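Undergrad: dropping the sequence and predicted coords here.
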Amino acid sequence: MLSCPAILANMTITHSFLRLALPLALTIGCSGPGWAAERNRTLSVTGKGTTMVVTTLTQVRLAIEVSGKNSNSVQQNAANRSAKVLSLLKSRRVDKLQTTNISLSPLYSYENNRQTLTGYTANNSLSFRLPTAQAGPIIDEAIAAGATRVDGISSIADDNAIEQAQSQAIQKAAKDAQRQAQAILSSLGLQQKEIIGIQVNDTARPVPIYTATDVSPRQALAKPASTEVVGGEQEVQATVTLQISY
């Protein structure tokens, strides 16, 4: 029996027969299992790669929280404290300094199912990034300048280190996908022909995970030693999908 390509190559069809018989000929000749299977024999595998990168930076979140009876005085007190903290941090040339929250909320007391306004709380929050070795002393200085709470810290790698780690993770993922394909095909007695498709899936930058801390100004001043911040490692992941013919 001739294959589909052979049938098409040897067909002699008149103009009138072409219009009537060609669809049937194609349906019969090209639907054979051998030709279709040969075109569709592909294997899809997804590999994963992970790389650890040393963190050298620390992301810090500070808050200036003030309470009192009068809303104007509470807000002004918080603003004055915030200005001192921001001035300090700018003088220390911290990176990515930004205000993350400004709020003024009423305080109530509840007694005998009755709500009574007792005062106000203002909260100004900010975040910044700096080398880990400098984090502890600057946190202490910020608290002495007016910050009332450390909402959290996170150790992260710098942008160049993360980009290099992403490239390494992609390479590992591609090798893992090839290893899987070889294992599957060899176990079935099949041979790999060529890679016909490559997809590098999203390699999102690792998100800093904040560690909550609670250091009040009184606690900071009572400590003879400065706060110490120690870095760690950050995990970067990537996945690669290969389409392989066999």
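TA: Happy to help now that I have it. Numbers count the residues shown, from 1 in each chain.
Undergrad: check residue 23 and give its pLDDT.
TA: Note for residue 23: predicted pLDDT of 43.
Undergrad: please read the previous query as pertaining to residue 228.
TA: pLDDT, read off for residue 228, is 85.
Undergrad: residue 134 is in contact with that one, correct?
TA: No - counting by Cβ atoms under 8 Å, residue 228 does not reach residue 134; the two are 11.6 Å apart. For glycine as for every other residue, the C-beta is placed from the backbone atoms N, C-alpha and C.
Undergrad: please say which of those two ends up with more neighbours.
TA: Neighbours were counted for residue 228 and for residue 134 using other Cβ atoms under 10 Å; residue 134 has more, 15 against 10.
Undergrad: for the more buried one, pull up the helix or strand it's in.
TA: In the assignment (DSSP states H and E), residue 134 maps to helix 132-145.
Undergrad: got it, and residue 230?
TA: Applying DSSP H and E, one finds residue 230 in no helix or strand.
Undergrad: so what's it up against?
TA: Residues near residue 230 by Cβ atoms under 8 Å, 6 or more residues apart in numbering: 132, 155.
Undergrad: quick one, helices of the protein?
TA: Applying DSSP state H to the chain gives helices spanning 4-10, 15-30, 33-40, 71-91, 132-145, 159-187, 217-222.
Undergrad: least confident of those helices, on average?
TA: The weakest mean pLDDT among the helices of the chain belongs to helix 15-30, with a mean of 40.
Undergrad: what touches both of residue 228 and residue 134?
TA: The contact sets of residue 228 and residue 134 do not overlap (Cβ under 8 Å, 6+ apart).
Undergrad: first vs last residue of stretch 143-159, how far apart are they?
TA: 28 Å (Cα to Cα, to the nearest Å).
Undergrad: please shift the residue numbers so they start at 30 in all later answers.
TA: Okay, using 30 as the starting number, the last item reads as stretch 172-188.
Undergrad: in that stretch, what counts as buried?
TA: Judged by neighbour count (16 or more other Cβ atoms under 10 Å), stretch 172-188 contains these buried residues: 172, 174-186.
Undergrad: contacting residues around residue 86?
TA: Per Cβ under 8 Å, 6+ apart, neighbours of residue 86: 124, 158-161, 184-187, 260.
Undergrad: among these, which lie within strands?
TA: Per DSSP state E, strands hold the following members of the contacts of residue 86: 124, 158-160, 184-185.
Undergrad: closest to residue 197 out of these?
TA: Nearest to residue 197 among the ones in strands among the contacts of residue 86: residue 185, at 17.4 Å, using Cβ to Cβ.
Undergrad: and stretch 74-88, which residues are buried?
TA: Judged by neighbour count using 16+ other Cβ under 10 Å, the buried positions of stretch 74-88 are 74, 76, 78, 80, 82, 84, 86-88.
Undergrad: pick out whichever of the residues you listed sits closest to residue 129.
TA: residue 88 (11.3 Å).
Undergrad: hmm, residue 165 is touching residue 255, no?
TA: Yes - contact criterion Cβ under 8 Å: residue 165 and residue 255 qualify, at 5.3 Å.
Undergrad: settle it for me: which of those two has more neighbours?
TA: When neighbours are counted by other Cβ under 10 Å, residue 165 and residue 255 differ, and residue 165 comes out ahead with 17 against 13.
Undergrad: distance of the more buried one from residue 177?
TA: As for residue 165, its distance to residue 177 is 18 Å (criterion: Cβ to Cβ, to the nearest Å).
Undergrad: same list (the buried residues of stretch 74-88) but as CSV, adding distance to residue 138.
TA: What follows is these, written out as CSV (distance: Cβ to Cβ, whole Å):
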residue, distance to residue 138
74, 64
76, 60
78, 57
80, 54
82, 50
84, 45
86, 43
87, 39
88, 37
